[in-house]
Structure formats: structure tokens, C-alpha cells
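>>> Just to be clear, the model below is a prediction. Sequence and coordinates:
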Amino acid sequence: MKANHAPAVGRTPFQKWCDKYQGLFYLIPWIIGFIVFKAIPFGQSLFYSFTDMNFFSGISEYGLMNYIDAFTTNRITKALITTFQYSFITVPLKLIFALFIAYILNFNIKFVNAFRTAYYIPSILGGSVAIAVLWRAVFRDDGLINTIIKMVTFGHFEGPSWLSDPGYALWVICILRIWQFGSAMVLFLAALKGVPADLYEAATIDGAGKWRQFFSITVPMITPIIFYNLVTQICQAFQEFNGPYIITNGGPRNATTLISLLVYQYAFQQNEMGMASALAWIMFVIVCVLTVIAFTSQKKWVYYSDER
């Protein structure tokens, strides 16, 4: 074979620069989108939170008045408490139901794939407006739930006013959220598939029962997924909007008014963008604090197989 004696053509400095940084050119659309739709609004909301920004009258005052009002106004402090109640009810119950169903569906039973699909569907539909409207119809005074209660008791007992009673309304919203455990269930199911079978075999030989195996082997081995689901579900719970807005519109007597709903009301109903921005930042800081606590505590209860 004849050797090629053609002189090698050197690359110019500009071509070398392009070779080194050409990846940035592919990132330009994302960078533009991030700056325009994320970074700039993020900075604007922080600035507006220290002003009395109004859509129509503009800005006339600067300071901490929004944050002071946020922690001294009855309506807002009640919404903060309700948001914590909603989160601390829905997140643990959702994870418990997701893990319980995933554990059952991990067994080799008939039609297991059909059951997995059926349990996952609510997570796809649960956040939609149509499901929230359906949920409101199910729990109204003459809805499906009260009709079933009346039929079962042969007309001797009337169901409660689920949506107009402050004692029940928040639970109706919580049940809707808990019902959407499919995404967490899928992650738990994948984690359960990854638990080594020889650990169960060794535990069975040692005489450990199913419950002992579950709490001593299964739970410790899937703690990374429990941690992941915990953090993501906390973030989602504090941002819940569709359910409270469509089903009860924050009522009755602000019993289901969450911080996310207040942000919408201040921004787009009262045109007080300054207060809305302050509430959004308060919610952001709360979620960050809870996330930091979760990440700090994981060293004590999360087990990673690649760590000694």
C-alpha cells in the first residue's frame, strides 16, 4: 500500500477554539430559555418582594413591609399552617401507600402488570383539571360518596357536607393527593427489584419472619429511594394548586387555602405582585430548609450500597 506523503494541514486558532467550545453552541437555545424564562423572572420576583408592586399603579414603596405583613396577617399565617398540615398529612401517607402497594405488586401474582398499570394511572390523571372537577362532584352533598352512604344505611344516615365543613374539606383535598401515589410506587417497585434475593434466603434460614425481613432488609436497602421520594413529594406538596383551587377555591372559611393559592390570589385577583412575590419566596425558603434538613439527616438513616 502506497504511503500518503501529503503534508498535514494545521488548524487555525479559531478552528481550535471551535473544537474546544463547540458544545456551548448546542447549549445556546437552553441558555437563552433559562435566562429569559427562569433567571430573569427569578430575579424580578425577588426584587418585587421588597416593593409594593402593583400591575396598575406600579411601585411606590420599598422595604420589608411584605414580609412583615406575611407573618402578622391572620389570613397568611393560617394559610402557612394549613400548608404545613396538608404537607405533613399527604407526604407520609402517600409514601406509605406507595410502598405498601409496591411491596404487594413485587410478588409474582397473576395479572401483575395490569394491576401496576391500574395503580399508576391516577398519577397521570390526578393533576388534571378534569379529575379535580370529578373529585368535587364525587364529594358534594348529593355526590357519589353521600349516595353510597345513604344506600348502605338504607336512608337512615345522611353523609356530611364534605366540601362545606372545615373539618372535612382539607381531608378531601389530602385524599386526592394521596390517591396519586403511582409515580412513587413505580420507583419503590424498581428499588424492591434491586434488593438481593440471597439476603432474604439468609434471613429465612436464620428464622426471620416476613415482618422482620421487611423492616431489617427491605426498608434499609431501599432507603435511597425513600429519601428521593420524600424530597420530591415535599416539594410537590408545597406547590399544590389545582385541588384547592378547583374543588373548594380555598374554602370553607379558608380551611383549604394553601400558600400557592394565596400567591395566585394576590398576584392575579388583587394585582399585588409584591406580596405575591414575597409569599412565593417564603414558600421557596421553607422548601429549601426542609430539603436541607432531609439531606443533613440522610447520613443517619439512608444506606448506600457503594459506601462503607
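Ah, there it is.
>>> For residue 62, grab phi and psi.
Dihedral angles of residue 62 (phi, psi; degrees, to the nearest 10) stand at phi -130, psi 150.
>>> Spit out the contact partners of it.
50, 51 (C-beta atoms under 8 Å, 6 or more residues apart in numbering). Heads up, the C-betas are built off the backbone N, CA and C, glycines and all.
>>> ok, now how distant is it from residue 52?
Relative to residue 52, residue 62 is positioned 8 Å away (C-beta to C-beta, to the nearest Å).
>>> Check residue 110 too.
Going from residue 110 to residue 52 by C-beta to C-beta gives 64 Å.
>>> cool, and residue 211?
For residue 211 relative to residue 52 (C-beta to C-beta), the value is 58 Å.
>>> the more surrounded of the two?
Neighbour count, other C-beta atoms under 10 Å: between residue 211 and residue 52, residue 52 has more, with 18 against 8.
>>> In the stretch 201-308 of the chain, where is pLDDT below threshold?
Under the criterion pLDDT under 70, the flagged ranges of the stretch 201-308 of the chain are 306-308.
>>> And the helices in it?
Using DSSP state H, counting those that start in this stretch, the helices of the stretch 201-308 of the chain run over 210-213, 219-221, 223-238, 242-243, 259-264, 273-301.
>>> what's the closest of the ones you listed to residue 114?
Shortest separation from residue 114 across the helices of the stretch 201-308 of the chain is recorded for helix 223-238, at 23.6 Å, computed as C-beta to C-beta.
>>> Please tell me how far the closest one is from the chain's geometric centre.
7 Å (C-alpha atoms, centre = their mean, to the nearest Å).
>>> Tell me what angle that helix forms with helix 273-301.
Relative orientation of helix 223-238 and helix 273-301, computed by axes from the mean of the first three to the mean of the last three C-alpha atoms, to 10 degrees: 160 degrees.
>>> residues touching the nearest residue to residue 184 once chain neighbours are set aside, list them.
Closest residue to residue 184 apart from its sequence neighbours, by C-beta to C-beta, 6 or more residues apart in numbering: residue 98 at 3.8 Å. Residues near residue 98 by C-beta under 8 Å, 6+ apart: 181, 182, 184, 185, 188, 229.
>>> quick one: residue 30 from residue 167, how far?
Counting by C-beta to C-beta - residue 30 and residue 167 are separated by 48 Å.
>>> again but with residue 19, I slipped
Distance from residue 19 to residue 167, by C-beta to C-beta: 67 Å.
>>> picking up where we left off before, pull out the buried positions in the helix or strand hosting the residue nearest to residue 184.
Residue 98 is part of helix 74-105 when elements are defined by DSSP states H and E. Neighbour-count burial for helix 74-105 flags 76, 79-80, 82-84, 86-87, 89-91, 94-95, 97-99, 101-103, 105 (criterion: 16 or more other C-beta atoms under 10 Å).
>>> tell me the angle of the helix or strand that that helix is followed by relative to helix 74-105?
Counting by DSSP H and E, the next helix or strand C-terminal to helix 74-105 is helix 112-125. Note on geometry: by the same axes, to 10 degrees, helix 112-125 and helix 74-105 are set 170 degrees apart in direction.
>>> And helix 112-125, what's buried?
So, applying 16+ other C-beta under 10 Å, buried residues of helix 112-125: 116, 119, 120, 122, 123.
>>> For the residues you listed, could you give me JSON lines that also reports distance to residue 281 and pLDDT?
Formatted as JSON lines, these follow (distance: C-beta to C-beta, whole Å; pLDDT from 0 to 100):
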{"residue": "116", "distance to residue 281": "40", "pLDDT": "85"}
{"residue": "119", "distance to residue 281": "37", "pLDDT": "84"}
{"residue": "120", "distance to residue 281": "34", "pLDDT": "86"}
{"residue": "122", "distance to residue 281": "32", "pLDDT": "81"}
{"residue": "123", "distance to residue 281": "29", "pLDDT": "80"}
